[in-house]
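[1] Got a sequence here, can you build the structure:
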Amino acid sequence: MDYRIPLDEIIDYKGNMYKLSALAIKEAIRLSNEDPEDLKKEYGDSKIAAIALSKAFSGDIKYTDNCEKLQAEARKK
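    Next comes the predicted model:
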């Protein structure tokens with residue numbers, strides 16, 4: 001599957017943008033720690049940011065309170 005940043009969904013999004021951003025950032029970090037060859041096999045040449053945002057909008061990943069805790073810990077460092 002070819003992932004692209006879902007601009008229409010971002011523009012039309014009426015939810016909590018902070019939570020969406022935190023979720024996408026957490027997923028992007030997780031993806032960036034995976035083996036590049038495995039990522040290429042699963043996602044082709046798609047960019048990590050596009051994959052993370054697409055997953056957030058599709059519901060493949062969900063925001064949890066843990067996302068907020070991780071963000072707070074990162075700001076302390």
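
[2] low pLDDT regions in the chain?
    The chain contains residues with pLDDT under 70 at 1, 66-77.

[3] now with 80?
    Residues of the chain meeting the criterion pLDDT under 80: 1-2, 64-77.

[4] biggest helix in it, by residue count?
    Longest helix in the chain, counting residues (DSSP state H): helix 17-32.

[5] Pull out the buried residues from that helix.
    Buried residues in helix 17-32, counted by 16 or more other CB atoms under 10 Å: Leu20, Ala22, Leu23, Ala24, Ile25, Lys26, Glu27, Ala28, Leu31. Where you see a C-beta, it was placed from the backbone N, CA and C, and this is true even at glycine.

[6] Make JSON lines out of those residues and add distance to Gly59.
    Shown next, in JSON lines, are the buried residues of helix 17-32 (distance: CB to CB, whole Å):
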{"residue": "Leu20", "distance to Gly59": "12"}
{"residue": "Ala22", "distance to Gly59": "16"}
{"residue": "Leu23", "distance to Gly59": "11"}
{"residue": "Ala24", "distance to Gly59": "13"}
{"residue": "Ile25", "distance to Gly59": "17"}
{"residue": "Lys26", "distance to Gly59": "15"}
{"residue": "Glu27", "distance to Gly59": "12"}
{"residue": "Ala28", "distance to Gly59": "17"}
{"residue": "Leu31", "distance to Gly59": "17"}
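
[7] Which member of those residues is positioned nearest Ile10?
    Of all the buried residues of helix 17-32, Ile10 sits closest to Leu20, with 8.4 Å by CB to CB.
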